[in-house]
Each structure stands twice: as structure tokens, then as C-alpha cells.
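K.L.:
no sequence on this one, just coordinates:
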């Protein structure tokens, strides 16, 4: 079992910044992939950014150049630095963890990000 706890969400004005954190605990494999997803009201959950243990990253086109995903493997923590936030970034942001033994993965409880115009 892997537990994920997100933090750092909140209310920010358009153009502002937020930093999300996700701390993983439990049966963490040394090789894994962690990601941030988001779900806006009335919309499907979408992938925002993903990072491997080796820090290879990939981003949704909608956040490229504005968001940065990073991780601290020693702390089993992944971060999402969100800059130049837009109202359309408003969503619940979820942290996810996947490894070879747990292909279905685990999800955090989510953290609300609200960007006002």
C-alpha cells in the first residue's frame, strides 16, 4: 500500500503562483512514476504532468512553460510549481503514484486550486 498526501492548494488571483506538494509513504519502490492530474467541475480528470524516478518529465500542452514538476526521491515527495495561473486552471489537483508492481496505481485525496479572474 502507498499513501499520498497532497498540500499547497488554495485561492490565488490570475497570474499568481502556487506550489503543490505530494508526500508518498508506505511500500515505495525505488523505480516509480509520480504525476499530477486535475479535474475541473463537469470535466474529466486530465493528466497535468508526470515525472519518473530519473526526473524525466512530460506535461500537458495547456501547462507547458507555466508549470514545473519536480521530485525529491529521498523524501518521496513530488512538487508542482504553478506559475502564471489562469482561471481555467481551477480544479481539484490529484497526486498519483505508479510502479511496476502496482500498475493501477494510487491516488491522493486531492487539493483544491481556485484561480480568480
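P.N.:
Structure received. Computed from a predicted model, the values in this text were never measured in an experiment.
K.L.:
Spatially central residue in the protein, please.
P.N.:
In the chain, the residue lying closest to the centroid (CA atoms, centre = their mean) is residue 36, at 2.5 Å.
K.L.:
Please look at that one and residue 81 and confirm they touch.
P.N.:
No. At 10.7 Å, residue 36 does not count as touching residue 81 under the criterion of CB atoms under 8 Å. Heads up, the C-betas are built off the backbone N, CA and C, glycines and all.
K.L.:
anything in contact with each of those two?
P.N.:
Common neighbours of residue 36 and residue 81 (criterion: CB atoms under 8 Å, 6 or more residues apart in numbering): residue 69.
K.L.:
Quick check: bridge partners of residue 49?
P.N.:
When assigned by DSSP bridges, residue 49 has beta-bridge partners residue 36, residue 59.
K.L.:
how about it, what does it touch?
P.N.:
Contacts of residue 49 (CB under 8 Å, 6+ apart): 35, 36, 57, 58, 59, 60, 63, 67, 68, 69, 80.
K.L.:
got it, and residue 66?
P.N.:
82, 83, 84, 85.
K.L.:
Would you list the buried entries among these?
P.N.:
Neighbour counting by 16 or more other CB atoms under 10 Å classes 82, 85 among these as buried.
K.L.:
List the residues that contact the residue nearest to the centre of the chain.
P.N.:
Contacts for residue 36 were tallied using CB under 8 Å, 6+ apart; they are 20, 22, 47-50, 69, 78, 80, 93-96.
K.L.:
change it to 10 Å
P.N.:
Going by CB atoms under 10 Å, 6 or more residues apart in numbering, residue 36 touches 6, 20, 22, 47-51, 59-60, 63, 67, 69, 78-80, 82, 93-96, 108, 111.
K.L.:
Kindly report the same for residue 72.
P.N.:
Residues near residue 72 by CB under 10 Å, 6+ apart: 21, 23, 78, 79.
K.L.:
Would you mind writing the PyMOL command to select the buried ones in the contacts of residue 49?
P.N.:
A single PyMOL command is used to select the members of those judged buried by 16+ other CB under 10 Å:
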select buried, resi 35+36+59+63+67+68+69+80
